[in-house]
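In: for reference, the sequence and a predicted model appear below.
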2 protein chains.
Amino acid sequence: MKSFLTLKSMDEVLCLLNRFPRLPGKLVPLDDAAGRYLLHDLTAPEDLPGFDRSTVDGYAVRARDVFGAQEGSPALLECTGDCPMGRTPEFRLQEGQTARILTGGMLPDGADSVVMVEYSRPVSDTLVELIRTQAPGDHVLMHNEDAAAGATVLTAGCRLRPQEIGLLAALGIEQVEVARKPLVAIISTGDEVVPFSSSPAKGQVRDVNSHSLGALCRLAGARVRFEGIVRDDIRLLEESVRNALCKADIILVSGGSSAGMRDHTVDIFTSMPDSELLVHGAAISPGKPFILASSDTKCLMGLPGHVTSALVCARAFLLPLLLRLQGGSEKAVPGVPAILSRAVASAQGRRDYIRVRLERKDSGWLAHPVSAPSGLICGLVAADALVVCPENSEGLYAGETVYAELLQ
Amino acid sequence: MKSFLTLKSMDEVLCLLNRFPRLPGKLVPLDDAAGRYLLHDLTAPEDLPGFDRSTVDGYAVRARDVFGAQEGSPALLECTGDCPMGRTPEFRLQEGQTARILTGGMLPDGADSVVMVEYSRPVSDTLVELIRTQAPGDHVLMHNEDAAAGATVLTAGCRLRPQEIGLLAALGIEQVEVARKPLVAIISTGDEVVPFSSSPAKGQVRDVNSHSLGALCRLAGARVRFEGIVRDDIRLLEESVRNALCKADIILVSGGSSAGMRDHTVDIFTSMPDSELLVHGAAISPGKPFILASSDTKCLMGLPGHVTSALVCARAFLLPLLLRLQGGSEKAVPGVPAILSRAVASAQGRRDYIRVRLERKDSGWLAHPVSAPSGLICGLVAADALVVCPENSEGLYAGETVYAELLQ
């Protein structure tokens, strides 16, 4: 008897993912942390840059000494010398005095602004005319302008992009705490599936899902264990899942998308220790036969066997889970606005992922829907992006502006 | 004497990058190739899936035997048995015959379509009523529908996303040729700069650029060598550049953004073997003091010392170069459409990169320009995206729809 699914909406499934806890933290060297996620808020241990710095080559001044200075009416100042780079100037500017300074140099005591060298005319070794009026703070980075000691400069969950790595370097932070990488065990099932390194006989196909899902996981920061191919045999599959559960944080079972094996997968997932069946069927297409269960804090996912369905479903649910386990905050899905080149129909109550090929036009991007059965990989290979047709819609019109989520 | 720059436009600089050749190829295992770029067009060595496959659970038929079948007028067929999974059925459908088949199973000779199990009513062990008319090909993946032997299925330069890895696995390709990873040597300069692991005295700052630029390179697929910090001394810098040139494909020198050191950097670059100065100043902001030179096939880049300028400039020019050295094709820059929350001014003839913070609104994204001097890193840390104000514009209006390139 074929079982009927009670489909959960996309949002319901995403909400259920919140029960899986973030993985434990570990310290990694700063230069290895790019692309990972900060686990805790970061407070600046000190002021940055730590001293008042010039942003130009020129003359450090007291703004009131050059007030009103201009081409026809220069301010004549006594030049006391050069501000050294990388050291504290050993003098203090008195009224009517100035000192040469380079970009990045430390302002001497008394100075509050810098006149650019373009607006200076040396008169003698010790006298200089300045022809620009300045306000205090002009061309100066204040000692705590980048960060003030004690202020929160980064928040937990932020992705460590090049600029965050730069800020951490500026603060002298040599190691940073990030979640350890999630370990994903991948099991492919199906009597007709053979390893990709073998030559399939007629009726057999090579294992695609292990490798495409493995690539998706790795690009999302996870480590991968290939657990191999399991025949459509409940006892063998149960043994394989139980075995993988000892090692991995997430167990992915792809295949078994026919009604019979799908039920077996559910039975096996619910036979694991402290297990709970969370989702049996999701209202997305492709990807309807999605299964989600927990075993204690570990996650068991059943993905469709069809290669396109498995990947789209993994993008929808596995990527948010991997982000969560790594302690990352939700982020904008990168994409481009595009004009749909032809209408596509969709079923109401279901979120459809339309594969599109993008074409650059003078006026912007044109999105061409790609038609290919979900059992083929060529449709996803031809696609540059996915367009979501939401639950409350029966389709999208030709000429409609859509948001094309880039398949990177 | 301060030198005046002849600024090159963004497009001119990008065009000059074309002289740097793609790096030599090497074979890597398929599972390590995700995120890299295919070096050569790929021709399918065989048909995929290689045999006619059912996409559903049901009954394999000759379409003409169920022509016109419906609820009130079923077709009565002789069921000859089950199509085995993973093997060639050892029988041929004759007129009036059908066979049970599962999703992914191979169609027997004679069959041209499949009736879903939902439209079947077993009458006896050997007789079944089917109540659905089908056209030939319904619920069948043809033997060469995913790829036809000899057809070009992937083109040189394509990024190996999870679906391309899947296609290569389906074709049994265990190793794939990609360019070796570019090696980038990073030199920071400045008398005031100290290693990030040390405690700067007043007037000193920690080296930020090595680490932020290093992170950018690694996230773009390159390897990085930190060549340390060099004082503002022409002989030391020359030695460091010459030394790095023996090892790396790209030499990045950041700092020396004051006019004097900038000229020194140009002199040093042009003193290298077979060198040519390509760019001395780019019409972008931040990033104007950009320097580009070649030494034989290697690339020498001078980036501004200001941390934000260095990173924006590296995104504009270094990322396209890294893509090129890896043999990748140009790709869409991921971003989101957003409404600008306030006006920003720009100079005509210059491409401005406006840093923006994105805020999600019901109506879409709102882009708030971030104001911070380019010597500070906090402005880029606060930014989610960059908005380009093009060369032919004097600014962007509040309320204008802009394309926000995500800083990922």
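Out: Perfect, I can see it now.
In: any stretches of the stretch 201-350 of chain A with poor pLDDT?
Out: Where the stretch 201-350 of chain A drops to pLDDT under 70, the residues are A:256-262, A:332.
In: neighbours around the residue of the stretch 251-400 of chain A found nearest chain B, how many?
Out: Relative to chain B, the nearest point of the stretch 251-400 of chain A is A:P334 (3.1 Å; Cβ to the nearest Cβ). All C-beta atoms are positioned from the backbone trio N, CA, C, and that covers glycine. Number of residues near A:P334 (other Cβ atoms under 10 Å in any protein chain shown) recorded here: 19.
In: quick one: contacts for it?
Out: A:P334 makes contacts with A:E405, A:L406, A:Q408, B:P334, B:G335, B:V336, B:L406, B:Q408, as judged by Cβ atoms under 8 Å, 6 or more residues apart in numbering or on different chains.
In: beta-bridge partners for the closest residue to A:V370 other than its chain neighbours, please?
Out: Leaving aside its sequence neighbours, A:V370 sits nearest to A:R355 (Cβ to Cβ, 6 or more residues apart in numbering or on different chains; 4.4 Å). Taking DSSP bridges as the rule, A:R355 bridges to A:L386.
In: isn't A:R355 up against A:C378?
Out: No. Look at A:R355 against A:C378 with Cβ atoms under 8 Å: they stay out of range, at 10.4 Å.
In: now the residue of the stretch 251-400 of chain A closest to chain B, nearest residue through space, not along the chain?
Out: Nearest residue to A:P334 in three dimensions, chain neighbours excluded: B:P334, at 3.1 Å (Cβ to Cβ, 6+ apart).
In: what are the phi and psi angles of that neighbour?
Out: Here is the backbone geometry of B:P334 (degrees, to the nearest 10): phi -70, psi 140.
In: okay, it and A:V387: tell me how far apart.
Out: 15 Å (Cβ to Cβ, to the nearest Å).
In: quick check: mean pLDDT of stretch A:370-379?
Out: Stretch A:370-379 shows a mean pLDDT of 88.
In: flag every buried residue along that stretch.
Out: Across stretch A:370-379, burial judged by 16 or more other Cβ atoms under 10 Å in any protein chain shown covers A:V370, A:A372, A:P373, A:S374, A:G375, A:L376, A:I377, A:C378, A:G379.
In: mind telling me the two of those farthest from one another?
Out: With Cβ to Cβ as the measure, no two of the buried residues of stretch A:370-379 lie farther apart than A:V370 and A:G375, at 14.3 Å.
In: endpoints of stretch A:158-175, how far apart?
Out: End-to-end distance of stretch A:158-175 (Cα to Cα, to the nearest Å): 16 Å.
In: residues of the stretch 201-350 of chain A that sit close to chain B?
Out: Counting by Cβ under 8 Å from any Cβ of the partner chain, the residues of the stretch 201-350 of chain A close to chain B are A:201-216, A:218-219, A:224, A:232, A:257-260, A:305-308, A:311, A:332, A:334-337.
In: narrow those residues to those in helices?
Out: The members of these that map onto helices under DSSP state H are A:209-216, A:218-219, A:259-260, A:307-308, A:311.
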